[in-house]
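**Student:** Predicted model, plus sequence, below.
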Amino acid sequence: MTAKTIPALTLAAAAAFFALGPAPQARAQQAKGKQQAKAAAKGQEIGTLKVQGNVYMIVAPGGNVVVQTGDWGVLVVDTPAEGASDAVIAEIRKLSSKPIRYLINTSMDHTATNAAISRAGAPITGGNLGAVAFDNGATIVAHENVLGRMSNVPEGQKVPNADSLPTTTFNEGQKEIFFNDEPVLAMFQPKAHTDGDSIVFFRRSDVIAAGDVFDMTSFPKVDLAKGGNIEGVIKALNIILDLCVPRHEQEGGTYVIPGRGRLTDEHDVLEYRDMVTIIRDRVKNLVGKGQTLAQVKAAKPTYEYDARWGSTTGPWTTDMFVEAVYKSLGGK
């Protein structure tokens, strides 16, 4: 059938559908987030992107900061690197003049400026629930393993930066906060990037803050020393995928804010999950054959993904990733 035989009404309806479809808008929004992520990586100006609903993404040194605003105040997920807190607080103030009420940490690796962000806020009630530091700061929420690792010091020594410690913790399942007329779920992901990871689901806004189980700038960091495991990373990515509902052809719908890098949706998470799973399976096969770590690295299990996700320098290299996968799978 040629275009001439298609009724004009059908063509008009199809044209209207695709013109109004969310895919171009979704791609444009993600492209803006990508530009901001590149700027932050180069130490340039911090950028803010409205995601959808009440949720915003602030691209900052050290990782993405997620902000939910409303009549009740401000809820923040994760904090930036040292030296960037004032700039991030200034960005938050552009979004809302209300107090910061909650700060949720997705892992220990996003707590560097907890104290500064908390100080800029105020408790939701008469005082922080179980507070150990400020009487007037925002409540800091994290899995109990984050508190355990941050406060683990030799007997007789004081905990450094005690004012950065979580003041409200949970030990399994999820921590539920109803804030700004929206359910906010901090969902524990066991033995993933670390043993204290959470993803945060803004249920009405349909936005997920993924933390470091999903990093658009590198292979996933699996911190074995902090209880991380590649199998847990894959499980966490699968849970994110279970929560995602795309609007049209995997574009738009549920948005996912990674620990670092640009704004994403289901399609990006799916590609990342598949990439990590393929590498896991390759390494698992080599471990099953009794190959050494050196032999596994020589086999280049990440080869076709290195140009996009790999690195030979910096804090998390491809070799470090392969070693973490190898050891996660029982390699000696």
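**Tutor:** Thanks, I have it.

**Student:** right, and the secondary structure at Ala192 would be what?
**Tutor:** coil (DSSP: H, G, I helix; E, B strand; the rest coil).

**Student:** List the residues that contact it.
**Tutor:** Contacts for Ala192 (CB atoms under 8 Å, 6 or more residues apart in numbering) come out as 213, 228-229, 232-233, 235-236. C-beta coordinates here come from the backbone N, C-alpha and C atoms, glycine included.

**Student:** change it to 7 Å
**Tutor:** Each residue near Ala192 by CB atoms under 7 Å, 6 or more residues apart in numbering is listed here: 213, 228, 232-233, 236.

**Student:** Now go through those and say which are in strands.
**Tutor:** Val213 (DSSP state E).

**Student:** What is the helix or strand hosting Met320 packed up against?
**Tutor:** Assigned by DSSP states H and E, Met320 falls within helix 318-328. Contacts defined by 3 or more CB pairs under 7 Å, 6 or more residues apart in numbering; DSSP states H and E place helix 318-328 against helix 230-243, helix 266-288, helix 293-298.

**Student:** immediately after the last one, which helix or strand?
**Tutor:** When you say that, I think you mean helix 293-298. Going down the chain from helix 293-298, the next helix or strand is helix 306-309, by DSSP H and E.

**Student:** before we move on, back to that, out of the helices and strands packed on helix 318-328, which is closest to Gly310?
**Tutor:** helix 266-288 (10.8 Å; CB to CB).

**Student:** Pull out the buried residues from the closest one.
**Tutor:** Using 16 or more other CB atoms under 10 Å as the test for burial, helix 266-288 gives 266-270, 272-273, 275-276, 279-280, 282-284, 286-287.

**Student:** now do stretch 94-110
**Tutor:** 95-96, 98-110.

**Student:** what does stretch 321-332 give?
**Tutor:** Neighbour-count burial for stretch 321-332, counted by 16+ other CB under 10 Å, picks out 321-329, 331.

**Student:** got it, and stretch 209-226?
**Tutor:** Buried-residue list, stretch 209-226, by 16+ other CB under 10 Å: 209-223, 226.

**Student:** Quick check: the farthest pair among those?
**Tutor:** Met216 and Lys226 (21.3 Å).

**Student:** What ranges does the stretch 51-200 of the chain have for its strands?
**Tutor:** Ranges of strands in the stretch 51-200 of the chain, per DSSP state E, counting those that start in this stretch, are 55-60, 63-70, 73-77, 100-104, 139-143, 168-170, 174-179, 182-189, 197-202.

**Student:** which one of those lies closest to Trp309?
**Tutor:** Nearest to Trp309, of all these, is strand 63-70, at 16.7 Å by CB to CB.

**Student:** residues in contact with the closest one?
**Tutor:** Contacts for strand 63-70 (CB under 7 Å, 6+ apart): 54-58, 74-80, 88, 92, 95-96, 110, 180-181, 184, 202, 209, 257-260.

**Student:** List buried members of those residues by neighbour count.
**Tutor:** By 16+ other CB under 10 Å, the contacts of strand 63-70 give 54-58, 74-80, 88, 92, 95-96, 110, 180, 184, 202, 209, 257-260 as buried.

**Student:** what sits against the nearest residue to Ile230 once chain neighbours are set aside?
**Tutor:** Spatially, and ignoring its direct neighbours in sequence, Ile230 is nearest to Ser328 (4.2 Å; CB to CB, 6 or more residues apart in numbering). Counting by CB under 7 Å, 6+ apart, Ser328 touches 222, 229-231.

**Student:** again, only this time at 10 Å
**Tutor:** Taking CB atoms under 10 Å, 6 or more residues apart in numbering as the criterion, Ser328 is in contact with 191, 222, 224, 228-233, 280, 283-284, 287.

**Student:** ok, back up a step: and which of the buried residues of stretch 321-332 is nearest Asp163?
**Tutor:** Nearest to Asp163 among the buried residues of stretch 321-332 is Ala324, at 31.7 Å by CB to CB.

**Student:** roughly how far apart are Gln174 and Val141?
**Tutor:** For Gln174, the distance to Val141 equals 11 Å [CB to CB, to the nearest Å].

**Student:** Which of the strands of the stretch 51-200 of the chain sits closest to Glu45?
**Tutor:** The minimum distance between Glu45 and the strands of the stretch 51-200 of the chain falls on strand 55-60, with 9.6 Å, by CB to CB.

**Student:** what pLDDT does Pro154 get?
**Tutor:** The model reports Pro154 with a pLDDT of 82.

**Student:** Perfect, I'm done here.
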